[in-house]
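Participant: Sequence and predicted structure are below.
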Amino acid sequence: MLELQNVHTYYGNIHALKGISLEIKSGEIITLIGANGAGKSTTLMSICGVVPPRSGEILFRGECITQKSPDHIVALGVCQVPEGRHIFPQLTVQENLDMGAFLRTDKEEIKHDLEYVFSLFPILAERRAQAGGTLSGGEQQMLAMSRALMARPQLLLLDEPSMGLAPLIIRQIFEIIKKINQEQDTTIFLVEQNANQALHIADRGYVIENGAITISDSAENLLANPDVQKAYLGI
Ligand code: ATP
């Protein structure tokens, strides 16, 4: 579904991604784990066209999207839930969800998807008239994920969904990521510092260090890898 070939991305003179190559197959949950500043968010920003690579190629379903605009990439079916959520704080929960379906015209299907996200996160149905900015951190994460789902993405990019949340909410969010993958047939690329939880729901994973992929393996093998355990799992 997605392939990155030798991607180099810069912020001015800062060489953030130094030849990233990875692939995601349809239906997989893939996680990218790494320390602060390793280049996880930049990888997602490069895929969705916000920080386009200076060289290398990104293919989505065989189409080169390397220099395409973010709105074009969203229209193709790639949706990102950015770090920090970035919901519209002044808009209500319902209006935030409507924004997610902005590019769609299939009214009946939109209604169906709205019911689906409310079934995943019943609290959002209760809060549908409440301003997004007044929700708790966990509820904002739920809203950000739901807004992305309203675009009905084929590939969902999640940037640190567990950041700043209580352990109980984190567990719930990870269970729902798995559910979305299974029930909606949505392929998921999950960027996380919480490597343990991410690897427990992922099929495969990549480790990124200082802008380069250093390890690629099944989630099971990564969980058992002594280097990964020491650096990312606190074992
Ligand atoms: P974190 O887990 O802390 O979010 P990350 O793995 O997502 O880290 P990135 O945010 O991708 O890392 O950052 C990769 C490198 O690029 C870092 O050295 C960072 O300082 C740099 N960087 C990121 N954004 C910018 C920017 N807007 N301008 C300049 N440098 C940036």
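Facilitator: Arrived safely, thanks for sending.

Participant: what are the phi and psi values for the residue nearest the centre of the chain?
Facilitator: Relative to the mean C-alpha position of the chain, the nearest C-alpha, by C-alpha atoms, centre = their mean, is the one of L158, at 1.5 Å. Main-chain torsions, L158, degrees, to the nearest 10: phi -120, psi 120.

Participant: go on, L59?
Facilitator: In terms of degrees, to the nearest 10, the main-chain angles of L59 are phi -110, psi 130.

Participant: Tell me which residues are up against the helix or strand encompassing H72.
Facilitator: Using DSSP states H and E, H72 maps to helix 70-76. Residues external to helix 70-76 that are found in contact with it (C-beta atoms under 8 Å, 6 or more residues apart in numbering): I47, C48, G49, V50, F60, R61, E63, I65, K68, L103, A151. For every residue, glycine as well, the C-beta is placed using N, CA and C.

Participant: Touching stretch 47-62 from outside, list them.
Facilitator: Residues contacting stretch 47-62 (C-beta under 8 Å, 6+ apart): 1-11, 17, 19-20, 42, 45-46, 64-70, 72-74, 76-78, 80, 154-155, 157, 189.

Participant: Which among those count as buried?
Facilitator: 1-5, 7-9, 17, 20, 42, 45-46, 65-66, 68, 73-74, 76-78, 80, 154-155, 157, 189 (16 or more other C-beta atoms under 10 Å).

Participant: In strands only, show me these.
Facilitator: 2-5, 7-9, 17, 20, 78, 80, 155, 157, 189 (DSSP state E).

Participant: and the longest helix along the chain, what other elements does it pack with?
Facilitator: Longest helix of the chain, by residue count under DSSP state H: helix 167-183. For helix 167-183, the elements it packs on are strand 29-33, helix 107-120, helix 137-149, strand 187-192, helix 195-201, judged by 3 or more C-beta pairs under 8 Å, 6 or more residues apart in numbering; DSSP states H and E.

Participant: Reformat these as JSON lines; add mean pLDDT.
Facilitator: Listed next are the helices and strands packed on helix 167-183 as JSON lines, based on pLDDT from 0 to 100:
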{"stretch": "strand 29-33", "mean pLDDT": "97"}
{"stretch": "helix 107-120", "mean pLDDT": "94"}
{"stretch": "helix 137-149", "mean pLDDT": "93"}
{"stretch": "strand 187-192", "mean pLDDT": "96"}
{"stretch": "helix 195-201", "mean pLDDT": "94"}
